[in-house]
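1. sequence first, predicted coordinates after that:
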Amino acid sequence: MKKVVKYVAFDILRNKIVIAYMVFLFLFSMGLFIIEEVPEKSLLSLLTLNLILIPLISIMFSTIYIYNSSEFIELLAAQPIQRKSLWLSFFIGLASALSLAFFIGCGIPVLLFSANSVGIIMIITGWILSVIFVSVSMFISVYIKDKTKGIGVSLLTWLYFTLLFDGVVLFVLFQLLEYPLEKLIIGLSVMNPIDLVRIISLLNMDVSALMGATSAIFKQSFAGNMGSLFSFGVLILWMILPLYLSVRKFDKKDL
């Protein structure tokens, strides 16, 4: 298992797309902090980029990598290796490599210029987003055998979580204005890890003017640290559940 994890992680870290992703994040982050005198403003701009770029790279790269490694996975599955261990090895390798790329690209500049609680939260949530969308990509790639369909579903999943989800929430709000919507909106929010990361970050930054409906309701419903604890708990579930389902499927899948 360790050999597979090391092979996958080093193979990914040598990939040109991952290197470009890391370098772009580093240059963009450093540029923001150098140009902007107020670190909080730089963190807000960086948050906007991270909420779009991290899920996109994590889910698309991981999905393509799994499909391109299908023959290698079949070869390893024929060896005396437990299927669960094999699938988890690929997950750990992917998640570790993409998390390291994020930390070098974004985490180091944040620690250099804004090593406070807000900066640490941004690094933690960025890492969580990386792991979540690797987990989701593993779920998609094991349930959809066709490579083209799998990549398309991954792209649509990213589009939904990043862009379409807010439209769904607004539609629900306008349709049910006469009813109490706090619990419903919180329920919808837990279905989108990107929205939860945005909520956690904005609550810690305490930028009331930039909070959307979901963030404002979280602030009203969960006083103190309760909102963040609840959100982190849901994010951990997002990390575990797709991976668990993909492991079960892969263990029984006819390769």
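-> Structure received. Residues are numbered from 1 along each chain as shown.
2. so where's this protein shaky on pLDDT?
-> For the chain, the stretches flagged by pLDDT under 70 are 1, 173, 176-183, 206-228, 254-255.
3. tell me the centre residue of it?
-> For the chain, the residue sitting closest to the mean C-alpha position, by C-alpha atoms, centre = their mean, is L129 at 2.1 Å.
4. correct me if wrong: it contacts N50.
-> Yes. L129 lies in contact with N50 (C-beta atoms under 8 Å); the separation is 7.2 Å. Placement of C-beta: from N, CA and C, glycine included.
5. contacts only, for the closest residue to G107 other than its chain neighbours.
-> Once flanking residues are discounted, G107 sits nearest to I123: 4.6 Å by C-beta to C-beta, 6 or more residues apart in numbering. Going by C-beta atoms under 8 Å, 6 or more residues apart in numbering, I123 touches 103, 106-107, 110-111.
6. restricted to helices, list those.
-> Judged by DSSP state H, the subset of these located in helices is 110-111.
7. same list, the contacts of I123, but as JSON lines with distance to T157 please.
-> Below are these laid out as JSON lines (distance: C-beta to C-beta, whole Å):
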{"residue": "F103", "distance to T157": "24"}
{"residue": "C106", "distance to T157": "22"}
{"residue": "G107", "distance to T157": "25"}
{"residue": "V110", "distance to T157": "27"}
{"residue": "L111", "distance to T157": "31"}
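8. nearest to F165 among the contacts of I123?
-> C106 (23.0 Å; C-beta to C-beta).
9. surely that closest one and S29 touch.
-> Yes. In this structure, C106 is within contact of S29 by C-beta under 8 Å, at 5.2 Å.
10. so what sits against both of the two?
-> L46.
11. mind listing what's buried along the biggest helix by length in the chain?
-> Identified as the longest helix of the chain according to DSSP H is helix 39-68. In terms of neighbour count (16 or more other C-beta atoms under 10 Å), helix 39-68 has its buried residues at 39, 42-44, 46-47, 50-51, 53-67.
12. returning to that earlier point: what residues does the residue nearest to the centre of the chain make contact with?
-> 50-51, 54-55, 58, 193-194, 197.
13. W87: which of the residues you listed is nearest?
-> S58 (17.2 Å).
14. that closest one contacts S130, correct?
-> Yes. Using C-beta under 8 Å, S58 is in contact with S130, at 5.0 Å.
15. what's the overlap in contacts for those two?
-> L98.
16. separation between I59 and T162?
-> As judged by C-beta to C-beta, to the nearest Å, I59 and T162 stand 10 Å apart.
17. on that earlier part again, helix or strand: which one has the residue nearest to the centre of the chain?
-> Assigning secondary structure by DSSP states H and E places L129 in helix 117-143.
18. and the helices in the stretch 101-250 of the chain?
-> Secondary structure of the stretch 101-250 of the chain (DSSP state H, counting those that start in this stretch): helices at 108-113, 117-143, 147-159, 165-175, 182-189, 193-205, 213-221, 226-252.
19. in JSON lines: the ones you listed, plus distance to I17.
-> Shown next, in JSON lines, are these (distance: least, C-beta to C-beta, whole Å):
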{"stretch": "helix 108-113", "distance to I17": "20"}
{"stretch": "helix 117-143", "distance to I17": "14"}
{"stretch": "helix 147-159", "distance to I17": "14"}
{"stretch": "helix 165-175", "distance to I17": "26"}
{"stretch": "helix 182-189", "distance to I17": "31"}
{"stretch": "helix 193-205", "distance to I17": "21"}
{"stretch": "helix 213-221", "distance to I17": "32"}
{"stretch": "helix 226-252", "distance to I17": "22"}
